[in-house]
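Engineer: this one's sequence-less:
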């Protein structure tokens, strides 16, 4: 009977100290990792709502207010703020401008451009392209990076600090007292433990930044944007797969606007705004300058894309039937596929490199510890 109570007591403390914190940590991790997908689902729900309302021929603003009265919390708290602005007499575009964090920046700009165009339905395909989810392999790799961040890096820092403060000095004293010969690799690791800690801290900080960007989304990233020097937009433009998606967004919206009869200069300006990227806006302004000089659109578009592929695609689209969007759809799908491939390759390369580097750090420390143990044992056997 006493053994049973001892077992129950031990299991109770095991549940309190290990199972309960582990469960809470898993719930917190799931909540954080699912935030981007929940934001995407809310945006898709809003697009579905607008599309359904327009198909029925009902006023958009009235439908938004009616949906808010259902008090469905799954659509997000910011939706009710948008509905409140609409109820106060603002149009949809103005309400979205007042609540920029409700939708992804590109979708927000696209819907406002569609309202200016006078037909929201034309911009829905471009909006859904922006909200297309990344492949499962990319999402899994990103979650794996967050797991490394939350588990391995802090534990490695704590273990190395513990060894350098309490264990390594004792081994040094024993080895010095016995005049044992220590391996050069062991001496190197013992002398540079601070650099190992710094390496793990850098890895931790880098992964923390990646996790914050992934979890926080565009709203978090915009905190680091400066008006005079748009560093966030510049970095996004320099990343190959993000540049391809920006090019796809600009091209898709330009095609929609041109098919809608918008003048070329205004269509280029609105398409640049829909990318929600300052670098894209500046390049769109260069295109407008070329148009004002009398250059044809397919030639002026060279100012936006340095590779020249956009010029070639747009030149062919001007001679195709069925509109610009239909003619450029194949290119847009190709840009998406290349972007996904580049993102997946980079994610796997980064995670594999981190695993190898962390494994090398662990191997160095283990080799150093075994090296000094072997040196002490050799000195002990020699003295016998």
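Structural biologist: Done, it's in. What you see is a predicted model; the values in this text were computed from it and never measured.

Engineer: residue 100: what's it in contact with?
Structural biologist: For residue 100, the contact set (C-beta atoms under 8 Å, 6 or more residues apart in numbering) comprises residue 108. C-beta: built from backbone N, CA, C; applies to glycine.

Engineer: three-state assignment of it?
Structural biologist: coil (DSSP: H, G, I helix; E, B strand; the rest coil).

Engineer: next, it: phi, psi?
Structural biologist: The phi/psi pair for residue 100 (degrees, to the nearest 10) reads phi -70, psi -20.

Engineer: quick check: pLDDT value at it.
Structural biologist: At residue 100, the pLDDT value in this model is 84.

Engineer: likewise for residue 65?
Structural biologist: We have a pLDDT of 84 for residue 65.

Engineer: list the buried residues for whatever helix or strand it lives in?
Structural biologist: Using DSSP states H and E, residue 65 maps to helix 60-68. Neighbour-count burial for helix 60-68 flags 60, 61, 63, 64, 67, 68 (criterion: 16 or more other C-beta atoms under 10 Å).

Engineer: what about residue 266, distance to residue 376?
Structural biologist: Distance of residue 266 to residue 376, given as C-beta to C-beta, to the nearest Å: 80 Å.

Engineer: okay, now the residue lying closest to residue 266 once chain neighbours are set aside: neighbour count?
Structural biologist: Computed as C-beta to C-beta, 6 or more residues apart in numbering, the closest residue to residue 266 that is not its neighbour in sequence is residue 257, at 7.6 Å. Look at residue 257: counted by other C-beta atoms under 10 Å, it has 28 neighbours.

Engineer: list the contacts for residue 257?
Structural biologist: For residue 257, the contacting residues are 113, 117, 266, 267, 270, 271, by C-beta under 8 Å, 6+ apart.

Engineer: what helix or strand is the fifth one on?
Structural biologist: The one in question is residue 270. helix 264-274.

Engineer: return the angle between stretch directions for the helix or strand just after that helix and helix 264-274.
Structural biologist: Downstream of helix 264-274, the first helix or strand assigned by DSSP H and E is helix 278-292. Between helix 278-292 and helix 264-274, the angle comes out at 180 degrees (axes from the mean of the first three to the mean of the last three C-alpha atoms, to 10 degrees).

Engineer: now residue 317: which helix or strand?
Structural biologist: Residue 317 belongs to helix 309-318, assigned by DSSP H and E.

Engineer: about what we covered before: state the mean pLDDT of the helix holding residue 270.
Structural biologist: For helix 264-274, the per-residue pLDDT averages 89.

Engineer: how long is stretch 291-311 from one end to the other?
Structural biologist: With C-alpha to C-alpha, to the nearest Å as the measure, the ends of stretch 291-311 fall 14 Å from one another.

Engineer: other residues contacting that stretch?
Structural biologist: For stretch 291-311, the surrounding residues in contact (C-beta under 8 Å, 6+ apart) are 247, 250-251, 264-265, 268, 280, 283-284, 286-287, 289-290, 314-315, 318, 331.

Engineer: again, 6 Å this time
Structural biologist: For stretch 291-311, the surrounding residues in contact (C-beta atoms under 6 Å, 6 or more residues apart in numbering) are 264, 265, 283, 286, 287, 290, 314, 315, 318.

Engineer: go on, stretch 37-55?
Structural biologist: Applying C-beta under 6 Å, 6+ apart, the contact partners of stretch 37-55 are 60, 63, 75, 76, 103, 107, 121, 124, 127, 131, 217.

Engineer: out of these, who's nearest residue 154?
Structural biologist: In terms of C-beta to C-beta, no member of these lies closer to residue 154 than residue 217, at 24.1 Å.

Engineer: what helix or strand is the closest one located in?
Structural biologist: In the assignment (DSSP H and E), residue 217 maps to helix 193-221.

Engineer: if we ignore the residues flanking it in sequence, what's nearest residue 189?
Structural biologist: residue 368 (3.7 Å).

Engineer: so for that neighbour, what's the pLDDT?
Structural biologist: On pLDDT, residue 368 comes in at 85.

Engineer: tell me the SS of it?
Structural biologist: Going by three-state DSSP, the secondary structure assigned to residue 368 is helix.

Engineer: over to residue 226?
Structural biologist: Note that with three-state DSSP, the state of residue 226 is coil.

Engineer: just give me the neighbour total for it.
Structural biologist: Residue 226, neighbours per other C-beta under 10 Å, totals 10.

Engineer: SS state for the residue nearest to residue 266?
Structural biologist: State at residue 257, reduced to three classes by three-state DSSP: helix.

Engineer: drop anything exposed from the contacts of residue 257.
Structural biologist: Going by neighbour count (16+ other C-beta under 10 Å), the contacts of residue 257 have 113, 117, 267, 270, 271 buried.

Engineer: name the helices or strands packed onto the helix or strand residue 124 falls within?
Structural biologist: Applying DSSP H and E as the criterion places residue 124 in helix 124-130. Counting contacts by 3 or more C-beta pairs under 6 Å, 6 or more residues apart in numbering; DSSP states H and E, helix 124-130 is packed against helix 105-117, helix 240-259.

Engineer: among these, which comes closest to residue 166?
Structural biologist: Proximity to residue 166 (C-beta to C-beta) singles out helix 240-259 among those, at 45.9 Å.

Engineer: can you list the buried residues of helix 60-68 in TSV and add distance to residue 341?
Structural biologist: Converted to TSV, the buried residues of helix 60-68 look like this (distance: C-beta to C-beta, whole Å):
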residue	distance to residue 341
60	37
61	41
63	39
64	38
67	38
68	41
